[in-house]
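Peer 1: Could you look at this predicted model? Sequence included:
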Number of protein chains: 2
Amino acid sequence: MFSNPKVPTTTLLITCSISLSLFLFFFSPCLPNYTTYHHHYLYTSLSDNSSISNNLQVLTTRPHIAGSVQNADAASYVLSAFSSYSPYMNSHIVSYHVSLTYQSSRTLTLIRPPPNPPTYFNLTQENYSNNPYAHEVVPTFHAYAKSGTAVGRVVYANYGSVGDFETLRRMGVDVSGTVVLARYGKIYRGDIISNAYEEGALGVLLYTDRKDYGGPGGFPNDKWMPPSGVQVGTVYRGAGDPSTPGWASTDSSCERLSTDEIERGGEVPLIPSLPISADDGEFILRSMGGQVADDDWQGDSTAPVYRVGPGPGILNLTYNGNYVISKIENVIAVIEGVEEPDRFVILGNNRDAWTFGGVDPNSGTAVLLDVARRLGKLQKNGWRPRRTIMLCNWDAEEYGLIGSTEWVEENREMLASRAVAYLNIGTAVSGPGFHASTTPQLDGLLKQVAQQVQDPDNSSQTIYDSWSGSKGTPTFGRLGGGGSDYTAFVQHVGISTIDMSFGEGYPVYHSMYDDFTWMRKFGDPMFQRHVAAASIWGRVALRLADDELLPFNYMFYVNELQTSTKELEERISGKSVSLHPLYRSILELKKASIKIDKQKKVLEDRKGWASFRGRDPLKARALNDRLMMAERAFTDRDGLPGRPWYKHLIYGPSKYNDYGSNSFPGIDDAIEKAKTLNTMESWRLVQHEIWKASRSITHASLVLNGKLT
Amino acid sequence: MFSNPKVPTTTLLITCSISLSLFLFFFSPCLPNYTTYHHHYLYTSLSDNSSISNNLQVLTTRPHIAGSVQNADAASYVLSAFSSYSPYMNSHIVSYHVSLTYQSSRTLTLIRPPPNPPTYFNLTQENYSNNPYAHEVVPTFHAYAKSGTAVGRVVYANYGSVGDFETLRRMGVDVSGTVVLARYGKIYRGDIISNAYEEGALGVLLYTDRKDYGGPGGFPNDKWMPPSGVQVGTVYRGAGDPSTPGWASTDSSCERLSTDEIERGGEVPLIPSLPISADDGEFILRSMGGQVADDDWQGDSTAPVYRVGPGPGILNLTYNGNYVISKIENVIAVIEGVEEPDRFVILGNNRDAWTFGGVDPNSGTAVLLDVARRLGKLQKNGWRPRRTIMLCNWDAEEYGLIGSTEWVEENREMLASRAVAYLNIGTAVSGPGFHASTTPQLDGLLKQVAQQVQDPDNSSQTIYDSWSGSKGTPTFGRLGGGGSDYTAFVQHVGISTIDMSFGEGYPVYHSMYDDFTWMRKFGDPMFQRHVAAASIWGRVALRLADDELLPFNYMFYVNELQTSTKELEERISGKSVSLHPLYRSILELKKASIKIDKQKKVLEDRKGWASFRGRDPLKARALNDRLMMAERAFTDRDGLPGRPWYKHLIYGPSKYNDYGSNSFPGIDDAIEKAKTLNTMESWRLVQHEIWKASRSITHASLVLNGKLT
């Protein structure tokens, strides 16, 4: 109160009200209570499992492979759902014209020695559950398989890994000129074809072994793959439209490689292949002679004894497919940020499915729509995010991450300077149990959020508790593989990323039985896992969009890099190769990480007053930019040796290691190569890759420090 | 006034004063009057030609080649000068350990047919002006020349261009196995050696022809090169330390290529060479037989008739040099921005000189120090820039842009996201006449500033007037070549850049006579051109540092791209190559450019009020980021074919065209190659390069537009 006795109360009131108005005018935009909205996002009243279930049912009514009318219909559905949830959400479709392949004909015959008659396989999945749209499911095939005929004696190659082919060589089995039969389950199907090709095989069959995917009965009686079930999928080993490597397929008249040029690029197979069922695979195995395979190459107890061949049966495999320039559609909803519209938090999931997409990917699409629905509710209650949130529903992921990759390639420059984070959910739910892979600076945030969301399978604990399990600490995967739409974001541009799911693998994967019935009966009968997925995904996005200072912590990266470097030690022991540059650069990153954490605290502490001066928005922005851009510094503009599209030196697919590298793909490849060649020069190249990775870590520390030398 | 009669005057005063305080508190930081300071910068009272002259004299007292003690002393001088000009300027030295070469021995003998005795050249420049430190000038040599001996008949090759060697071939002169004598003056000396090597020559001599550099007498009597004057220089064709391609030579233990690996890289010559004087060159020419050279291959009227050889004389050339890891020092002064410390306006000039550096480069260093001095005065008067200004004095430019390139490579990630512009002055003054090369979005700003600075050679007009000349419009060069320290900024990272100078070429270039005496007598006796250079350089920097909205205009880029594309038309006529993608992308850039200009005006118009809300700093920042980052989008991360370090697709050195491409180096190279091969595939690669350049322009429009698809 003023102590001046001359001032009458009314004057004081006026003065106060002017002051108050001024106060509110200047201060209110600085003080939005984001926390309240974030709590609200998790309110039970906002959850709606029936809406998720309904969306999933609509989306999965008919099969919707990329490029089909059905998938265009699904795009319209997603677009209208986005629009219906909020008038403040701008949604639109971004189309690309990409090169997809569809089968036109395929046959498979097994010719056994007389008197056995030839066996003509019908290659058809049976419609056990009377799904009314089963006839719309495309015939089983491998996308981007080579067209042609392969005739040769059959050789059994277990899971088709480099190690498996080595075993065959040790057994004296010559794969050259044969047709390889391998089972799905350990490595990427495209790598199996490539490994077989390297050994001189003429064609490849991939079957589903009951040991990996079969149960006592099979869908619809249980969750397991039925005997005629076939896992289709792509055998392309790149990312994005193979006819536009590195650039966007913006329209049908853009620059495009010919099929010959695509084949010379080395990422599509050069021999034909087909996926087949457990029944068909077992039938062929029963016909085989030769040595008995090792124990770990055998099937389950009901299976016959597996022999490696060759033959005596001869397989005659024909596959014909066409490259077709097809229109694909990404559906994108944008909630523009109020303070920083030019900073993006991007959520992504794909829509296209090999068949119905009950699990893969439309459990994720249903969850994406639920995130949109809940954010729409927050918007109606006044929430406006600080930064821009984008909800992206990608197309043609199944063919090779095409919709997301083309979009990233088209918007590369802007994403590189503006994307705060990418949050991916391909398959949201295939069962219980939370799984996450991240770039490590987001580990802390994800843990925090997981502690705020209830475990859908045990209401007495949080997701964090079940995720941590008996170990008491959660397990994080990393993003070196090419499994989902995060690839272009992390590995091409260097954007901090999280990939999440409930459940890990499921038997009817990529078969006709991956439909709404399977989800309702086995995957998530109450749709509570879907609700939980929407909770954690949206809540992470809200934090990244609204926190004034980005919730990034590079100490997790430091620890991860240290662990990965230690793992290299054994592999280079005895060679004149030094990890010292790596250790030194990691130490620099550690110092930079500690420093920026301190600076963050200082800014947080004085936020109360200083932000009113109109300068702190830029101060916070500068600090956030350092946190955001440090991840970009792990990319090298020249990329991995021989694979220039892959720019990230910490996380990327390994060329020689089928099982995927945990980290340092360039070093990993160089070591594998040096182990084979064992020349001075090959080990010198290992050292060069170590230097390259070290320098990228040093770049990241400089960015975190924010000072030029 | 309030109308309430109850309110006494004192209360009103209190109320008003509270309001006023609040007003000043909130609004004052938003209203710095930068314009006043900018005017002040050009005040005559702030100019001081004697300070410039004095600095130049001190800096050029002794020869100071990169890596020498003298050049380290010069660095200390620059550092202390920076520090003395302002207590608010933080200056420091950034060292690198780079691979330089120094000569250890060289001999040249001409063996003519009997009875002529052999001629042993002494390869020494005479000290005509009794410069007391002439003995410290290093013996004439070519940096990074190949060590070894070449013995062969001499062939005269004019300026040593590809066209000149074609002429020799047409004349039936076989260059293989010979020692080539060529004259300096049309193309880069490193390219002459490379062209001669491609023709099979064993060694190369480069001489100074009187027609190009000689006058009636020569220094110190006139400005011309005296008869014994030799132009030394580097013959390295890359940028940055050749032993650390693409990364910074941060310390002596960083990763480094061996000399063998450097030579395999293709950027250092594989045959020995020496620079020689006009006297020595003419002596050899007089000895030559063979056909008489074309008229345009002849010397001036006093010269003998030039014949092309071969021989009959035999040249015996020996050069031995050593690679030495040498410490080089960039001196950097930082004036930290108040509003946007994380946005950089960078001024750069080099310090190292082949000899005394009177013109090249220390006229630029003296001007850089004058900019620092004047900015120091502004700081003392209260000026604080909005953005950070950095004054950089590079080392080892003469060897191959090494100091600037290593620094850019080390700070690449941060420069890529934060550098607003780079402003280069290598040689500031060699005579009258303003010259500038730019990335075109800065053309408009440079014109504006040139209209505000008085022409140093005619006080009745501005620099703009004399620069425009009789044409009435100024001529802009572009930055495709590798002539100075802008290369890494533009061509590697894609930073908007201006390069400026007064005068264009001068006869004693890179000789012992490029000293303070030459400058005082011939280059700029009154030092007014130096003053003008400091005025225009600093004023451009002030605008870029202080303008709330960056003074970039992409319409100049649009026009320039259109002109360059038109120039391609003739070169591809008759081939199945289309420029349509380029024209289309340029049209997109035009639309984006018009759009952002409109948005800029809207922001400028409402600056008065809206900026008080504390949100506009981020709005202005977002718009500025689009202007700043659009240039980056012209870079391709994979770079030019076969030359991945060169990332810029509009401006970069041409591989096949010795005279340098004006623009589109990738397209240019592909056309030159296709003209030689004339295969379908080679013309298809031309089309591919056209697509690549088009896509980079499309990326730039997307960034300017600021919207993701």
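Peer 2: That came in fine, so what should we check first? Numbers count the residues shown, from 1 in each chain, chains lettered A, B, ... in the order given.

Peer 1: dump the residue contacts of A:Asn122.
Peer 2: By Cβ atoms under 8 Å, 6 or more residues apart in numbering or on different chains, the contact list for A:Asn122 is empty. From N, CA and C alone the C-beta is placed, and that goes for glycine too.

Peer 1: Pretty sure A:Leu274 is one of the things A:Thr149 touches, is it not?
Peer 2: No - the pair A:Thr149 / A:Leu274 is not scored as a contact, 11.5 Å apart, by Cβ atoms under 8 Å.

Peer 1: Identify the contacts common to the two.
Peer 2: A:Leu317.

Peer 1: Looking at these two, which is more packed in?
Peer 2: A:Leu274 (28 against 13; other Cβ atoms under 10 Å in any protein chain shown).

Peer 1: and the more buried one, helix, strand or coil?
Peer 2: Taken by DSSP: H, G, I helix; E, B strand; the rest coil, the conformation at A:Leu274 corresponds to strand.

Peer 1: And A:Ser91, by the same measure?
Peer 2: strand.

Peer 1: how many neighbours does it have?
Peer 2: Using other Cβ under 10 Å: A:Ser91 sits among 21 other residues.

Peer 1: again, but for A:Ser104
Peer 2: Neighbour tally, A:Ser104, other Cβ under 10 Å: 12.

Peer 1: my read: A:Ile495 touches A:Leu423, true?
Peer 2: No - if you go by Cβ under 8 Å, A:Ile495 and A:Leu423 don't touch, sitting 10.3 Å apart.

Peer 1: The two: which is more packed in?
Peer 2: A:Leu423 (29 against 26).

Peer 1: My reading is that the more buried one lies in a helix. Confirm?
Peer 2: No - counting by three-state DSSP, A:Leu423 is not part of a helix but strand.

Peer 1: who does the nearest residue to A:Val305 once chain neighbours are set aside bridge with?
Peer 2: With sequence-adjacent residues excluded and distances taken as Cβ to Cβ, 6 or more residues apart in numbering or on different chains, A:Val305 is closest to A:Val292, at 6.0 Å. Beta-bridge pairing of A:Val292 under DSSP bridges involves A:Arg307.

Peer 1: Please state the backbone phi and psi of the residue nearest to the spatial centre of chain A?
Peer 2: The centroid of chain A falls nearest to A:Ser484 when counting by Cα atoms, centre = their mean (2.5 Å). With angles defined as degrees, to the nearest 10, A:Ser484 sits at phi -150, psi -170.

Peer 1: what do you get for A:Ser535?
Peer 2: Main-chain dihedrals, A:Ser535, degrees, to the nearest 10: phi -60, psi -50.

Peer 1: A:Asp48 too?
Peer 2: Per degrees, to the nearest 10, the backbone of A:Asp48 is at phi -160, psi 90.

Peer 1: can you count the residues close to it?
Peer 2: 17.

Peer 1: Could you point out the helix or strand that follows the helix or strand of chain A with the lowest mean pLDDT?
Peer 2: When the helices and strands of chain A are scored by mean pLDDT, DSSP states H and E, helix A:9-27 comes last with a mean of 45. As assigned by DSSP states H and E, the chain's next helix or strand after helix A:9-27 is helix A:34-41.

Peer 1: Touching that next one from outside, list them.
Peer 2: Residues outside helix A:34-41 that contact it (Cβ under 8 Å, 6+ apart): A:46, A:374-375, A:378, A:381, A:383, A:386, A:535, A:538-539, A:542-543, A:546-547.

Peer 1: Those in helices, which ones?
Peer 2: Secondary structure from DSSP state H places A:374-375, A:378, A:535, A:538-539, A:542-543, A:546 of these in helices.

Peer 1: give me the element A:Thr101 is part of.
Peer 2: Counting by DSSP H and E, A:Thr101 is part of strand A:90-111.

Peer 1: Can you list the strands that that strand pairs with?
Peer 2: strand A:119-120 (antiparallel), strand A:314-335 (antiparallel).

Peer 1: any low-confidence regions in the stretch 601-709 of chain A?
Peer 2: For the stretch 601-709 of chain A, applying pLDDT under 70 flags the ranges A:607-615, A:656-661.

Peer 1: which parts of it sit against chain B?
Peer 2: Proximity of the stretch 601-709 of chain A to chain B, by Cβ under 8 Å from any Cβ of the partner chain, involves residues A:611-615, A:617-618, A:621-622, A:625, A:629, A:632-633, A:637-639, A:644, A:647, A:687-688, A:691, A:695, A:699-700, A:702-703, A:706, A:708-709.

Peer 1: how about 6 Å then?
Peer 2: With Cβ under 6 Å from any Cβ of the partner chain as the criterion, the stretch 601-709 of chain A meets chain B at residues A:614, A:617-618, A:622, A:629, A:633, A:637-638, A:644, A:691, A:695, A:699, A:703, A:708-709.

Peer 1: So among the residues you listed, which ones count as buried?
Peer 2: The neighbour count (16 or more other Cβ atoms under 10 Å in any protein chain shown) marks A:614, A:617-618, A:622, A:629, A:633, A:637-638, A:644, A:691, A:695, A:699, A:703, A:708-709 as buried among these.

Peer 1: among the residues you listed, which are in helices?
Peer 2: Residues of these located in helices (DSSP H): A:617-618, A:622, A:629, A:691, A:695, A:699, A:703.

Peer 1: Looking at these, point me to the pair that's furthest apart.
Peer 2: A:Pro617 and A:Trp691 (39.3 Å; Cβ to Cβ).

Peer 1: Not counting its own residues, what contacts stretch A:62-77?
Peer 2: With Cβ atoms under 6 Å, 6 or more residues apart in numbering or on different chains as the test, stretch A:62-77 has contacts from A:59, A:100, A:133, A:136-138, A:326, A:328-329, A:331, A:351-353, A:355-356, A:395-396, A:399.

Peer 1: Tell me which entries of these lie within strands.
Peer 2: Secondary structure from DSSP state E places A:100, A:326, A:328-329, A:331 of the contacts of stretch A:62-77 in strands.

Peer 1: any chance of those residues in JSON lines, with pLDDT too?
Peer 2: Listed next are those as JSON lines, based on pLDDT from 0 to 100:
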{"residue": "A:Leu100", "pLDDT": "98"}
{"residue": "A:Ser326", "pLDDT": "97"}
{"residue": "A:Ile328", "pLDDT": "98"}
{"residue": "A:Glu329", "pLDDT": "98"}
{"residue": "A:Val331", "pLDDT": "98"}
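
Peer 1: Can you spell out which helices and strands pack onto the biggest helix by length in chain A?
Peer 2: Counting residues, the longest helix in chain A under DSSP H turns out to be helix A:580-610. Packing partners of helix A:580-610 (3 or more Cβ pairs under 6 Å, 6 or more residues apart in numbering or on different chains; DSSP states H and E): helix A:555-572, helix A:680-705.
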